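Engineer: after the sequence you'll find the predicted model.
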Amino acid sequence: MTDVGSSAELARIQNEEESIIQESQEKEKDVKNVEDIEIKGKESEKSLVTGNYQHILALAFAVNEINQNPHMLPNITLGFNIYDTCLNARWTNHAAIELISSWKTRIPNYKCDTQDNLLVVIEELTSYFSDEIQNVFSIYKVPQITHGFSSVEREGTDPLRIYQMAPSGTHQYKGIIQLLHHFRWRWVGFFAANEEILEWFVKEMLPEFSTRGICLAAMGSFTSINYDAEKDGFMLSSITFYNKLISNKANVLIIYGDSRTIVPLRWVLNQKFEQKRHQPTGKVWILTIGLELKNIATGKSWEVQDFHGALSFTLHSNELQGFQQFLQNRNPYSHNGDGFIKEFWAEAFGCSFQDSVQGDVSGHICTGEEKLENLPEHIFPTSVTGQSYSIYNAVYAVAHALHAMYSTIPQTRAIMKGERRICHSWYLNHILKLLSFNNSAGEEVRFDENGELVAGFDIINWVTFPNESFIGVRVGKMDPWAHPGETFSINADAVVWHSWFNQTQPLSECNAKCQPGYRKKKREGEPFCCYDCIPCPKGWISEKEDLADCFKCPEDQYPNQDQTFCISKTLTFLSYDEPLGLSLAIGALSFSLVTLLILGLFLKHRETPIVKANNRDLTYTLLISLLLSFLCALLFIGRPEKVTCLFRQTAFGIVFTMAVSTVLAKTITVVLAFMATQPGSRIRKWMGENDQLHCSLMHPDSSRHLSCMDGHFSPIPRH
């Protein structure tokens, strides 16, 4: 049975490859053997990115370790081919066809010649051509391992055949958000490598930025630069992009792309445009995985001072035991099978090899005595980079998968050719997706359900020097799989900022923060990060910066003059310790005692005619009211409490009113007594003792109702 769609795609690629077979035969080097490793390269017409040579060495180092380990794959030797695709789609397809063909042919499915047993394909730094070569390798179910980083989430790919030696892109975005939140950068710019990344960011991640209070000052993609236009159109688009990049007020710019994005970025920043409206100022560049300063050819003359203090997310790395010794043993004369080492050596050390054909040598001759560890960090890093660490783990993932396969498959099911066992690549898919192991650095390596590495990121601070060299310093990390609260950490004191900021932490805000005593008011038609600051209303305060609302002080406090905090009200009260308070207390007690003595006399002589003639019941009421009135004065002395404040006014009002009412009743009684002596007067019937007492109680009762209806406290204003 034939898959029509896959066959048609394979035929298309074959037809395209036929047009470059002649070109490839002229440029391709012969395959040479060294240390049971096969490295195939081609001459490059461009300057080398010398730092990437470490990726080749990491691959060779891992394979050598595995082949020398008798317990990993006994009686099995791993080998590999390396193809330099020059970031070209045609050369990538050319390499894919050659990998599934017989030796020195480009005819897939031709089994009549010697053929390598292809197990896994480890892709290049970028993922641009991953989907294209998947159309080829999916036919043969060959797993693909990307040691780089996918700029956007893949859709429609088979997770059983593509494995990414890097965490998910969503995790990197969340790491960027945590970085912005840590330094309180809320006004940033975002520029992507292409429109696809920009659209994915707007759709998937921009809401996350907004949720965390981060606004975008500007957005754009490098594809807005029209490289295909005439000179004037190209320069105009470049100037427009440059002004958009530099003119925004954000001090923090996020550049999202891969290893190729750094080239147009540095080109735009270093061009001498006559129409530039804005001169470069200090910016904090946040670079994503793969977008590193070292991904520029050493032969190019670029100014790197603009990137001083940049922060970048890189793949997590760790030192590998024995790798430094492996680097020190590299020599262009003793490793003839390495098709890249001479070109790298000449570029890195600025020397030339003796040309046996022409006999001409430019510059000094490469002796082989040069040491890699003496090279500057920006030319060749000797410490393990994130990409090299990923390649190392990718090779070991394949080795552990093979080990698991040979350990579980019964011998009768193994396919034998003489004494050689053949492993089919399709079977590795079922093992890789469940694989978990610890590498030589002691770190766990495994994939999640989407085929992405369960790992974190390192945060690198790039420091540049006047001689155009630079170095990356690890200042933090982000591990999405760590415990909550431990996913992000950074040593802010170790970060070196751009000289524009005088080594103080940069700010990146749409406007200055609202100071205490003010609140925010959103500007119409602008992002929520842009607002005006207006004073708090009278009687209200704001204690912190950037508060959206002011609030009122408690009842026992009042705002200060700047309305930045509440001041406790000073309690002023009459104390027993003060002379006035003590005098009033003594006076109240003295009058109370006198009143009590008079009341005792009246009670003692209550049956005498003079007491009866004085209307003894009203007299008792008057004396008791006066006694209580004098005692009520004691409620007004001492620290006021809630109960006493409510009780003292009510009690004094009722008691004193009763005393006045009693005096008034006695006066009225005297007047009525004279009027009642007249013959036939009807007033006599109102002269009973009960009637007099009721009249005297009517006044305090009405006063009590008025007090309940209209309290003694002012209403609390409601705003």
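Structural biologist: Received, thanks.

Engineer: isn't Leu216 up against Phe191?
Structural biologist: No: assessed by CB atoms under 8 Å, Leu216 is found out of contact with Phe191, at 10.3 Å. Just so you know, the C-beta spots here come from the backbone N, C-alpha and C atoms, and that holds for glycine as well.

Engineer: tell me which residues in the longest helix belonging to the chain are buried?
Structural biologist: Longest helix in the chain, counting residues (DSSP state H): helix 642-676. For helix 642-676, a neighbour-count test (16 or more other CB atoms under 10 Å) marks 644, 648-662, 665-666, 669, 672 as buried.

Engineer: which of Leu216 and Phe191 has more neighbours?
Structural biologist: Neighbour tally, Leu216 and Phe191, criterion other CB atoms under 10 Å: the higher count belongs to Phe191, 22 against 19.

Engineer: distance of that one from Glu444?
Structural biologist: As for Phe191, its distance to Glu444 is 35 Å (criterion: CB to CB, to the nearest Å).

Engineer: do Arg523 as well
Structural biologist: Applying CB to CB to Arg523 and Glu444 gives a distance of 50 Å.

Engineer: what about these two, which has more around it?
Structural biologist: Using other CB under 10 Å as the criterion, Arg523 and Glu444 rank with Arg523 on top: 14 against 11.

Engineer: not counting sequence-adjacent ones, nearest residue to the more buried one?
Structural biologist: Cys530 (5.0 Å; CB to CB, 6 or more residues apart in numbering).

Engineer: tell me who's in contact with the one you found.
Structural biologist: Contacts for Cys530 (CB atoms under 8 Å, 6 or more residues apart in numbering) come out as Cys215, Cys510, Asn511, Lys522, Arg523.

Engineer: the third one contacts Tyr531, doesn't it?
Structural biologist: Translated: Asn511. Yes: at 6.8 Å, Asn511 counts as touching Tyr531 under the criterion of CB under 8 Å.

Engineer: element containing the closest residue to Val663 other than its chain neighbours, please.
Structural biologist: In this structure, Val663 finds its nearest non-sequential neighbour in Leu622, 6.4 Å apart by CB to CB, 6+ apart. Per DSSP states H and E, Leu622 falls inside helix 616-632.

Engineer: and that helix, what does it pack against?
Structural biologist: The contact analysis (3 or more CB pairs under 8 Å, 6 or more residues apart in numbering; DSSP states H and E) places helix 616-632 against helix 579-604, helix 642-676, helix 689-709.

Engineer: buried stuff in it?
Structural biologist: 616, 618-632.

Engineer: what separates it from the chain centre, distance-wise?
Structural biologist: 77 Å (CA atoms, centre = their mean, to the nearest Å).

Engineer: do stretch 318-333 as well
Structural biologist: 37 Å.

Engineer: mind checking the end-to-end distance for that stretch?
Structural biologist: 30 Å (CA to CA, to the nearest Å).

Engineer: residues in contact with that stretch: which ones?
Structural biologist: Residues from elsewhere that reach stretch 318-333 (CB under 8 Å, 6+ apart): 54, 57-58, 61, 64-65, 338, 341-342, 345, 353, 366, 368, 371-373, 382-384, 389, 392, 440-441, 443.

Engineer: again, but for stretch 365-384
Structural biologist: Here stretch 365-384 makes contact (CB under 8 Å, 6+ apart) with 50-51, 53-54, 58, 293-294, 298, 317-320, 323-324, 327-328, 330-334, 342, 345-346, 348-349, 351-354, 392, 469-472.

Engineer: mean confidence score for it?
Structural biologist: Stretch 365-384 comes out with an average pLDDT of 87.

Engineer: gap between the nearest residue to Ile177 once chain neighbours are set aside and Val188?
Structural biologist: Among residues not flanking Ile177 along the chain, Arg212 sits closest, at 5.4 Å (CB to CB, 6+ apart). For Arg212, the distance to Val188 equals 11 Å [CB to CB].

Engineer: just Leu584 next, same as before
Structural biologist: On the measure of CB to CB, Leu584 and Val188 end up 70 Å apart.

Engineer: equivalent analysis for Ser312, please.
Structural biologist: Ser312 is 15 Å from Val188, by CB to CB.

Engineer: equivalent analysis for Gly485, please.
Structural biologist: 24 Å.

Engineer: neighbour count winner among the two?
Structural biologist: Shown here are Gly485 and Val188; by other CB under 10 Å, Val188 has more neighbours (24 against 7).

Engineer: among the contacts of stretch 365-384, which are in strands?
Structural biologist: Judged by DSSP state E, the contacts of stretch 365-384 include Phe470, Ile471, Gly472 as members of strands.

Engineer: can you give me the pLDDT of the residue nearest to Val663?
Structural biologist: Taking Leu622 on its own, its pLDDT is 87.

Engineer: and what of Ile162?
Structural biologist: Ile162 is given a pLDDT of 80.

Engineer: thank you, goodbye.
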